[in-house]
Structure formats: C-alpha cells, structure tokens
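Q: Structure for the following, please:
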Amino acid sequence: MDARVFSTLNLPARQQLDAWRGWFDLFDVQFDASCEGFEATSETWNFGRFSLGRVKAPKLLASRTAKHLRRDSIDHWNIAIGQKRTLADAGGNRSIDVPAGVPFAASLGRDVVSFRDQDERLQLYVPRDAFPDLVPAFEAVEGRPLTNSMGVLLAEFLGLLARSAPGIPQSHVPALQSAIHAMLLACIAPSPDNDMIGAAPVAMTRKAVIRRIVDQNLHRSDLNTEFLCREAAMSRSQLYRLFETEGGVKAYIQRERLRRCLGEITNSIVSKRSILSIGEEFGFTDASSFSRAFKREFGLTPTEARHGDLSDAPLRPVLGRRLKAEVSSLVDILRQSAWP
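A: Residues are numbered from 1 along each chain as shown. The predicted structure is shown next:
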C-alpha cells in the first residue's frame, strides 16, 4: 500500500515551518524560533474509514481551537503513541500527561493544546460518525494513558500495522478495516462480547510480540517457552496455541535461528567468521547437527550457502513503494476517510 508522504526536508530552512503548517493544518504549530528550520515528515496510510499516520517532527507546541473546528469540521478520534512524553491541556481544563510509548485517545472535536519534544509518533484517526459503537468507549478513556495490558497490546498492534502497511495490498483493506475496528473494541472496551470480536487481531498482535522477543534474543541460551511466557506475560497454553501452526514454539525458535545464521553466513561483511562460530552464536554447538538442520531448512549446507547460488533461498518480502500524493493537507485525507 502506498503512503501519502509530506516532508519539509528538501525545502529551504526558512520555508519549512510554513510548509508544515500548511500540511498539518489541523493545528497551529509553534516551535523555538531560535532553531534553524523545521525538518518534519508525515506518512499517512488510508485503511478505508481509518487513517494511520507516522509523524517525525521537532519539539513543538500544537494547538487546536474553536477556529479550527469551525473551519475544517474534522471530528475524528485520534489514538496517539509517542516515543516521548506528551503533555496537553484539553477542553474543560483537563490536563493530559502520557508517558512515552503509551497510547491515549483524544478528540479532534475539542480544543486541545499539546506540548512535546522532538518525537516520532503514530496517530490512528477514527471518524466519530463512522463507528458509533466506539464512541462510548473513546469517551470513557479520553485523555487517559492506556497503561493496562490491553493498552500495551494496542500499542503493539499499531506499531505492527505501521511496519506492515507498505506491503499490504489494497484488496486487503476491507478485512483490515474490520480487524482494526475489532481490535479497538477489545482493547478500549474489553468485555466478553468484544473480546470474542477481537480474538483474531488480538492473537495476531500477541504473536507479533513473541516474534519480536524471539528476534531480539536469538543468541540467548535460555530462549525457551519459560523465557517467552515471562517476557510476554503470557501463559504456556496461550503461547502453544499461537504457535500451533508453526510446528510449535521450539520449532519456530530453531527456524528463526537458522534464518539468522543464513544471513550471517552469506553476508560478505562477516563472511570471514567461521561457519561453526556463527552456528555457536545462535545455539548450534555441534557442527554436524547444525549442518543437518540447516540443509533440512534451506536445501543446502552452510558451506554451500557461503559459496553457492542462493537463488532458491528464502527472500524477504518486497515492500510497496511510497507515493507523494497530490493532496494539499492532512485534512483532505481525513475528509476522505469520513466520507468514502
């Protein structure tokens, strides 16, 4: 799926802030006038009635006032996750203080003034009128950090969505829209009925969490079921169910270790390392066992992989290209999601 991209990076420094204000005109944007330029980038993906944005911007003060509400009539809910702490004053003298990495919901139909340091943020925009069943849930959590386990899961889901977006075919958007809707119900308004509706995206997200933990710890000798359950705060039965189609947790870990070994063996930068030392780094202490497992997985031995033709080796998926779309502002994108 193509992203709609806006960036000030290629503009003269003196023009960058005005250009950003023109694009991100949901808010008035102010920043330290002593700084030179305003280097910022916005990527936005359209998932039907939902829009997902990833924004990188300098330290700033953003304010949305009655003037904006009258001018653009945007009344979306916004779920935001920043890498830095967010401080804000919302309508009715409500203060918002959200730690880094924690999602929170805010309404673009109310006045708000927010302050944040240089940051990269994810923003999920949800048209209020498109999903009336979500309105009570959003109103109940508006402005509050979602620090419970389901909030953590929601943050993981949105991060996974942003990482996957470039490779999602347009034909998958209707199913993805349903998954996002179900995930929001399960995470923001948990109940037996909503948990059942959100079971599939919740399981997908939990599995992505485990995949990330495995990827970050492939070199550990204690990478096993107990370790994963402890790190992901998950029961053994939950973990087993998630990886039942992968041949089990142990098989998945070994497969990922072998794939990492393949990358290290065929990487010209590190190819001077012995094959045995690479295998040992990822838990394969016996050369013969390593060679047999490697051949079962890839159809060739580690030595053949280092010196041979890898045309049949597993390839990473090709990501979709990004598109600089002909739209004048973020407001245009949000209007499209509100009125498809």
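Q: Which stretches in the stretch 201-340 of the chain count as helices?
A: 225-232, 236-242, 249-266, 275-281, 287-298, 302-307, 330-338 (DSSP state H, counting those that start in this stretch).
Q: Can you list the buried residues in the second one?
A: What that stands for is helix 236-242. Buried residues in helix 236-242, counted by 16 or more other CB atoms under 10 Å: Leu239, Leu242. (Glycine included, C-beta is placed from N, CA and C.)
Q: who's in contact with that helix?
A: With contact meaning CB atoms under 8 Å, 6 or more residues apart in numbering, helix 236-242 is reached by Ala203, Arg206, Lys207, Ile210, Thr225, Leu228, Cys229, Ala232, Gly248, Val249.
Q: And the average pLDDT for that helix is what?
A: Mean pLDDT, computed over helix 236-242, is 89.
Q: Now do it: distance to the chain's middle.
A: Distance of helix 236-242 from the chain centroid (CA atoms, centre = their mean, to the nearest Å) equals 23 Å.
Q: Which pair of the contacts of helix 236-242 spans the longest distance?
A: Distance extremes for these: the farthest pair is Ala203 and Thr225 at 17.5 Å, using CB to CB.
Q: May I ask you to confirm that Phe157 belongs to a strand?
A: No - under DSSP: H, G, I helix; E, B strand; the rest coil, Phe157 falls outside any strand and is assigned helix.
Q: neighbours around the residue lying closest to it once chain neighbours are set aside, how many?
A: Using CB to CB, 6 or more residues apart in numbering and skipping residues adjacent in sequence, the residue nearest Phe157 is Thr205, 4.3 Å away. Residues within reach of Thr205, counting by other CB atoms under 10 Å, total 24.
Q: mind listing what the helix or strand that contains Val126 pairs with, with the direction of each?
A: Taking DSSP states H and E as the definition, one finds Val126 inside strand 119-127. Strand 119-127 pairs in its sheet with strand 50-57 (antiparallel), strand 76-82 (antiparallel), by DSSP bridges.
Q: Tell me the helix or strand right after the last one.
A: Tracing the chain past strand 76-82, the next element assigned as helix or strand by DSSP H and E is strand 86-90.
Q: angle of that next one against strand 119-127?
A: 40 degrees (axes from the mean of the first three to the mean of the last three CA atoms, to 10 degrees).
Q: show me what contacts Leu52?
A: Per CB under 8 Å, 6+ apart, neighbours of Leu52: Thr44, Trp45, Leu122, Gln123, Leu124, Tyr125, Leu158, Leu161, Ala162, Ala165.
Q: Backbone dihedrals for the first one, please?
A: Read it as Thr44. Backbone geometry at Thr44, expressed as degrees, to the nearest 10, gives phi -130, psi 130.
Q: Distance-wise, check it relative to Cys187.
A: Per CB to CB, to the nearest Å, Thr44 is found 22 Å from Cys187.
Q: And these two? Which one has more around it.
A: Using other CB under 10 Å, the more surrounded residue of Thr44 and Cys187 is Cys187, with 29 against 22.
Q: From what I see, that one and Ser149 are in contact.
A: No - in this structure, Cys187 is not within contact of Ser149 by CB atoms under 8 Å, at 9.3 Å.
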